[in-house]
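**Student:** Kindly return the folded structure for what I paste below:
(chains A, B and C)
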Amino acid sequence: MESFGFGRELRLLTPSHYSRIFNEPVRAATNCFTLLAKANDLSNPRLGLTVAKKRVKKACDRNRIKRLARESFRLSQHKLDNIDIVLMVKNGCELQDNAELTKQLNKMWLKLNERCKPGAPKPAPFKKRPRNQKNNKSKLNKPSPTR
RNA sequence: UGAGUUGGCCAGAUGAUCGCUGCCUGAUAUGAAAAUUAUCAGGGGGAGGAAAGUCCGGGCUCCACAGGGCAGGGUGCCAGCUAACGGCUGGGAGGCGUGAGCCUACGACAAGUGCAGCAGAGAGAAGACCGCCGAUGGCUGCUUUCGAGUAGAACAGGUAAGGCUGAAAGGGUGCGGUAAGAGCGCACCGGACCACUGGUAACAGUUGGUUGCAGGGUAAACUCCACCCGGAGCAAGACCAAAUAGGGUUCCUAAUGGCGUGGCCCACGUUGGAACCGGGUAGGUUGCUUGAGCCUUAGAGCGAUUUAAGGCCUAGACGAAUGAUUAUCCUUUUCUUAGGAAAAGAACAGAACCCGGCUUAUACGGCUGACUCACUAA
RNA sequence: GGAGAGAUGGCAGAGUGGUCGAAUGCACCGGUCUUGAAAACCGGCAUGGGUUUAUAGCCCAUCUAGGGUUCAAAUCCCUAUCUCUCCG
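**Tutor:** Numbers count the residues shown, from 1 in each chain, chains lettered A, B, ... in the order given. Next up, the predicted model:
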């Protein structure tokens, strides 16, 4: 019997966990989310959430999005291999209703899992957008010394 | 019945499945034991009326048990409540409303200083531009009994009735009075001061007396008066563990110095101090929820509030829990002859140390107490 | 969570309560100059509403929004909204 719990071992807990994934991740995106992923050494997948105040203004909307993401991840965790995922939010996400967001998320988990498999070919986005990668790096290097 | 005024309460309900979190109980593992940690099972908890804005006030913590002075800031009719307040309650005054009621930063410009563009004659113990008068003094003419009389002009001058300007022009109306006028005099109205009476007081008065009458506005202008305020904030602060180091170099000197101290000075406390270089960690525990706490009953008070007795424990997360799906009821809307069917479950919005207020946001919102006005009936 | 600063024309940015719809610069528009352009010089230039057949002119409102004080508010006071900065 598989358990569908969502304990602490399924989450990213410290800043160091996050910064590891921000460094050269596998990417995927919809009109609401941006997901970053990377394989880890554990036997289970892990999830981290980043919902910036800049993107979603109201606290209750931020909470709603995070809850939906956790719920969706929890139910589909056994379809995933040992990868770490960080979910980021884009503008306008709070306008979508619950059913729509859940639908999008369920798709994305599986898509990311495919891309992270060791046999899979190196994903194309890297070659296509070297500029994005640079921007991403410089953004991430800045906050790290303050932490 | 309609129209309104004002206060209080609620923030969909119940169940199923899958989850999160911390508390209690039990089991297993590590261990000599206590204890701790990890996992599992069960039980019973788990967002708001504003949790928001951070506009005020406190508790709590550190700096000194928060002391004196200056600077700075706040409040501002009176009395009370309170831990405290810029809050609340009651009262006064003024304004609005037929009324129930509602609103008001409502101390002092007669302590002093400042400001008021343009316009206007004049803007502060005002002023003569037009106007009115020209009594009085002079001028000119006429008459003359040589004392003066009379007419005219408007030179000196008088005048704040009327006009003009402006946001604002130094009590109002009427009569008398005058050369014309004027609180110049009188009557009434209004005001000021003193006394008396009522009231704790603000203040009030068909009360009595004095006074022709304040020297206009502005203090959300400086200021004065009264009262209040030390500073910083849980990212406060305390502890444990780990890593590196128990350092090196230079300078100042012994201290009327440095630091604490965050506007300045005094005072106080503490101490050798400062700069640079090197190394390198930022993990956990605690603060953290029993509190100016909530409910009921009784007493005091017009009331805010308070006293006593009994009962209750009611979120404590930390990359951050409090959720998702679904069924029924209920409510609303739409469709249908009806039965019924479909859709939606709302608005504002999410604890982060905790309280008391204020302000702002709120649905087709719902329930309820008291009161006012209008109409009708008895 | 806490502390603080700000909001003025298309953009930047001055503005002691009074002749302020608001200096100045950039941008933009028109003109002079040039074969043409640049530079330079000269002039203009916020938005909405009303009046008018229409333009010009005139009047009213607007300095983030709503109230208040004052004869008079971009300026002073209160409330709200938005933006930015700092504190590990």
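**Student:** From here on, just use CA atoms for contacts and neighbour counts.
**Tutor:** Fine.
**Student:** got the residue ranges for the helices in chain A?
**Tutor:** Taking DSSP state H as the test, the helices found in chain A are A:15-22, A:59-75, A:98-116, A:125-128, A:130-141.
**Student:** Format these as CSV; extra columns: mean pLDDT and mean neighbour count.
**Tutor:** Shown next, in CSV, are the helices of chain A (pLDDT from 0 to 100; neighbours: other C-alpha atoms under 10 Å):
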stretch, mean pLDDT, mean neighbour count
helix A:15-22, 72, 15
helix A:59-75, 84, 16
helix A:98-116, 81, 16
helix A:125-128, 35, 12
helix A:130-141, 34, 12
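**Student:** what about those, which gets the closest to A:Gly7?
**Tutor:** Across these, A:Gly7 has its closest neighbour in helix A:59-75 (9.6 Å, C-alpha to C-alpha).
**Student:** and the angle for that closest one with helix A:98-116?
**Tutor:** Here the directions of helix A:59-75 and helix A:98-116 differ by 50 degrees (axes from the mean of the first three to the mean of the last three C-alpha atoms, to 10 degrees).
**Student:** on that earlier part again, possible to save the helices of chain A as CSV with distance to RNA strand B?
**Tutor:** Below are the helices of chain A laid out as CSV (distance: least, C-alpha to the nearest atom of the strand, whole Å):
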stretch, distance to RNA strand B
helix A:15-22, 3
helix A:59-75, 4
helix A:98-116, 5
helix A:125-128, 23
helix A:130-141, 11
